[in-house]
Every structure is written in C-alpha cells, then in structure tokens.
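Asks: Prediction below, plus the sequence it came from.
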Amino acid sequence: MKLLYFSIIVTFIYAQGRYRCPDEIMRDDRPELEMFYESPSGHFLIHYDTSGDNAPDLLDENLNTIPDYIEEAALAADSSRYVLTQQMGFTQENDDADGKYDIYILELSSNLWGQTQYESGESSFIKIRNSYDGMSNFCNNSNDLLWLTIAHEFFHAIQYSYRPNSSDSYFRELSSMWFENIFVPECYDFLDFVDMGSSSLFNNPNDAFDHSTLGSYGYSLSLFAHYLSTVVDNSDSQLNSSIIREVWERYAEGSNSQTIFNSLKDILQDNYDTSFPYVWSDFMSRNMFCGIYDNMDNNIYYHDGQIQIDPPNFNYETSFENQLETYSININDDRVSFLGIDTDQQMSVIANFHEGDYYLWSGLLFDDFSLDDISGDSTFDINLLEESSKLFFIFSNMNGEESISIDFSINIDGCTDIYADNYNQLATIDNDSCEYINQLFRGVYPNPINLGTDLLVFDYISSSNKPIEISIFDLKGKSIKNLSPILVSQGINHVTIPSMKNLPSGNYFLLIDNSLKLRLTNIK
C-alpha cells in the first residue's frame, strides 16, 4: 500500500421518470399498421396508419399522398445510415430476410421517445413516436427531435450487429446519445440527462464508470463520448473520429467474458497510448468548470454543451473546527476521488505530496479559473485572496485500488501566516481587522537562483521602520538557516540578501518576519 501525505496549511485571511428508450432486448411482436412507405434509398420501410391513435400528422404539403412526417422519418433513416456506415465506418445493421429495415410510427407512452427491439433471428426493428411536440427542454424543433431519435435508435440496431448483450446497455446509450448530437448538432436534448435522475453521472461523480449497466445511467454519459472523440481522438470533426467505433469493434472481437468497459480500456491503451484513469480524471476535472464560461475560447471545454449545465455534485469542505483534520481516501482506477475546499474567507493553501502511482488535478473556481495536471508534483501552494473561492483536487489511481492517507493541517486561529505568490502579488495583512491588502509584487528574484554566488532580492511592504527576521526552511518545514535581522523602512522596500554558501540545490521557503512565505529554488 502506497501512502500519500497531503498537508494543507489554511490561514483564514431528470424530471424523474423521463426516459428515451428502455432496455432494448425484448420479444414484442411487430406492430401491424395499414400503410408503408419505402425510403428514397429503398432500404427502409416506414410503417404507419392514416387514422386512429397511431396516425401521425397527415399534412402533405407536396401533395404526393405521403404524409410529410413519414417522408421526414424516411429521410432521417437514410441519412443516419449513410453517416454511420459510409462516413463513420460502423458496420451495417442486420436486416430482415427481404433486405429491408422496418420502422414503425406509433403512439407511444408519454415519456417514451423510441425503441429498438432485437429479435431472436438477430434482426431488429424500430418503434418511433408519431409526434415529438413539446418533448425536450433543450430543443424546441419537433422535426429535429424526430431526426435525432431515428438516428439514436438506428445506432442501436447497428450496435446489435457487433454484439447483443443486456449488460452493456449503459454504453449503448452513451454511444447513441453521442451520435444523435453529432447528427443533429443544433439539438442539445442529451444535456437534460446529465443530472436528471438519481443514477445520473453528475449526481454520482464518485462512482465507478460501470457502477450501473442500465441504459438510464448511460443517458448521462454522452458527454464522455464527446470528450473521447474530441480530446483523446483529437479529430478535426467528430464525424471523422473513430474511437467509439474502435471500442465496439474490440468488444465484438472479444470472448463472452470481455466487457464493454474492458474494451474501452484496451483501446485507450493500445490505440491512443493513454489509460482510462487518466482520461476519466481529466474529463471529470474539466466538468468542474461547467456553466462558468460562455464560449469555447478556453482550453478546458471539450463541448459547447458545457456552457449550459452545472458541474458535478461533489461535496466540498466548508468549515474547519480543528487545527488538524485527517481524512482517508481510497483512490481507484475506475473512478475519481475528490477533495474540495469551499470558503467564504481568504486563505492560503500549501500541500505536500509523497510519491505515488496516481493522477492528480488541481482546480480553482473563482475569477481567475485554473485547471492543472499536477501528477507527480511534490508540492502545491496557492493564495486564495478572494472570498467564495473553491479549490479542488481530483485523484485517480494508475495501477488499481490503493488506500491513500491524506492529512490536513489547518490553522484557523489568527491571520498572520500568509503565503504570497512568487510572481504577481503580495498579500499583507492588517492584524487588527484580519483583512488583506493587495499590492503589486515581483516575488523573490532572480528565481531560480544560485544562492552561493548571487544576491537575492524581494519586495517587502512595511507600515513602519523596523528590523525584520528572515529564516530559510525546506519544504518539510525544517529550519535551514536564520539570517541576521534586516532594517526596513515604512513603505515598499527592495530587500537584498547576500549570497549564502553551502546551501544544497532544491526548493525552499523564505519566512520573513513570521508573516510572509516566499518560495525559491536554489540551483548550483
């Protein structure tokens, strides 16, 4: 078991019940409808009634005796098949003995959008609603909803050609929800499912990727497919992405014991030289910024749907009653572990990490947003000078489950120990009110430096003439050297520290007058 010691020094300065299609492997008889229309390609037969409950809108603007709704369904079927099989390279579906594929237009229950039913002879057929008016919170064009639903359901028919299995329903829905938005990119109905139900991804962000195999959970996973096809595959267009197809192909090649999740992990490793723990932790970290940006002009978003939704429902620490809080976190390779701090006061954070086989991301949620891969870093420090800042860490294990101990050291009594950013800001403090005063600050410079030969300079703001004490500590808090007091005057002082011999190379902190920590790197 590998242990991670993590010290943070903190100084206060779905509408339920809505579904798109149920689990698909069923044995219902095919509907019997009075009419059918052959699609322009000749491949699809669209079955419908002209009267009764199953009849669609019979509007026929081109006066060819075929309801426009039926013609639209046929065009959507032809188009989705062409895009999936000819443009994106997916295998063809299994047809009936007549070489045709049947789609039935029906009155379906109020929440059911469509259904693809697999039959014992390896063929399948599709049921589609006779109206999509008012069905979506994210797309108000009922014709677009007809198109994306046919695309969604027809992709299910293709998936059955790879392998029929009821234990992969979540990945079938992940794939079909992903494709429908590629096929009809102006419709964002899939976003409605990200946090709609109790099993949705954003309501269970700590759970394993395959913690549920139900299709209702898979509805919420389509964002991950968009991440895979844009960030991992890095295609110029998702229409040219092959990663989802590669997963289905690997799954079809595997034995009966091969799961769809194992196929995904194999493809990431073999074809993209990465791993599921890495991409999943990167994906979940990016989702923490959902709803923050109003455009794609950033290096975090992978889909513009992130603009319209809230982030995952992780829990943040918001109060610290003891000076030392200790937590234990299990870090796995099929999920992420989360650690977050949400405060309405100013604080400084210093974290020290021991080596371990884990991925680690840090993120700051306030005006100055940031997301960084800090895997392998031994230290992390930040000054949270704004109120209502959120800081989070997201972990994922490289090599399986490990129990990782994380220690928090939290100082909540007073407001004198301040961490100052090395590059652009100095935080000083009014000890009477415990409020920060921000000034422009260059930090210690040059940095890095050879302290054995060069002079070290830093800026210090003082409210009076006085001597200041300067000490040097290593990253573990061990005192290395105490320097002679240096006299400063009221205002901004450019303080020069003479060269110091015999100080080993490495990272250190300058502790100035017990009120300011500056980080520096000594090189030789």
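Replies: Thanks, I have it. Quantities reported herein were computed from a predicted structural model and do not represent experimental measurements.
Asks: Give me the neighbour count for Asp236.
Replies: As a burial measure, Asp236 scores 8 neighbours (other C-beta atoms under 10 Å). Yep, even glycine has a C-beta here, placed from its N, CA and C like the rest.
Asks: got it, and Ile512?
Replies: Every residue meeting other C-beta under 10 Å relative to Ile512 is counted, giving 21.
Asks: what's the pLDDT at it?
Replies: pLDDT, Ile512: 81.
Asks: same question, the one 3 residues further on
Replies: You'll see Ser515 listed with a pLDDT of 65.
Asks: Ok, Leu360 next?
Replies: 89.
Asks: Pull up the pairing partners for the one helix or strand Pro467 maps to, direction included.
Replies: Using DSSP states H and E, the element containing Pro467 is strand 466-474. The strands that strand 466-474 pairs with in its sheet are strand 479-488 (antiparallel), strand 506-512 (antiparallel) (by DSSP bridges).
Asks: Quick one: the helices in the stretch 401-524 of the chain, in order.
Replies: When secondary structure is read from DSSP state H, counting those that start in this stretch, the stretch 401-524 of the chain shows no helices.
Asks: for the chain, that is, sorry about that
Replies: Taking DSSP state H, the helices of the chain run over residues 68-81, 142-162, 169-183, 215-218, 222-227, 243-253, 260-272, 276-287.
Asks: Can you say which of those helices is nearest to Ser109?
Replies: The closest of the helices of the chain to Ser109 is helix 142-162. By C-beta to C-beta, the value is 14.3 Å.
Asks: Now do the closest one and helix 169-183, the angle between them.
Replies: With axes from the mean of the first three to the mean of the last three C-alpha atoms, to 10 degrees as the basis, helix 142-162 and helix 169-183 are set at 130 degrees to each other.
Asks: Relative to the whole chain's centre, how far out is helix 142-162?
Replies: 25 Å (C-alpha atoms, centre = their mean, to the nearest Å).
Asks: helices and strands around that helix, which ones?
Replies: If you count contacts as 3 or more C-beta pairs under 8 Å, 6 or more residues apart in numbering; DSSP states H and E, helix 142-162 packs onto helix 68-81, strand 114-118, strand 124-129, helix 169-183, helix 243-253.
Asks: ranking these by burial, who's on top?
Replies: The highest mean neighbour count among the helices and strands packed on helix 142-162, using mean count of other C-beta atoms under 10 Å, belongs to helix 169-183: a mean of 26.
Asks: Now do that one against strand 114-118: the angle between them, please.
Replies: 130 degrees.
Asks: For helix 169-183, C-alpha coordinates in PDB please.
Replies: What follows is helix 169-183, C-alpha atoms only, in PDB (Å, rounded to 0.1, in the frame of the first residue of the first chain):
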ATOM      1  CA  SER A 169     -26.900  -1.000 -22.100                       C
ATOM      2  CA  TYR A 170     -25.200   1.900 -20.500                       C
ATOM      3  CA  PHE A 171     -22.600   2.100 -23.200                       C
ATOM      4  CA  ARG A 172     -25.200   1.600 -26.000                       C
ATOM      5  CA  GLU A 173     -27.000   4.700 -24.600                       C
ATOM      6  CA  LEU A 174     -23.700   6.600 -24.200                       C
ATOM      7  CA  SER A 175     -23.000   5.900 -27.900                       C
ATOM      8  CA  SER A 176     -26.400   6.700 -29.300                       C
ATOM      9  CA  MET A 177     -26.800   9.900 -27.200                       C
ATOM     10  CA  TRP A 178     -23.400  10.900 -28.500                       C
ATOM     11  CA  PHE A 179     -24.300  10.200 -32.100                       C
ATOM     12  CA  GLU A 180     -27.600  12.000 -32.100                       C
ATOM     13  CA  ASN A 181     -25.900  15.300 -31.200                       C
ATOM     14  CA  ILE A 182     -23.400  14.800 -34.000                       C
ATOM     15  CA  PHE A 183     -26.200  14.000 -36.400                       C
END
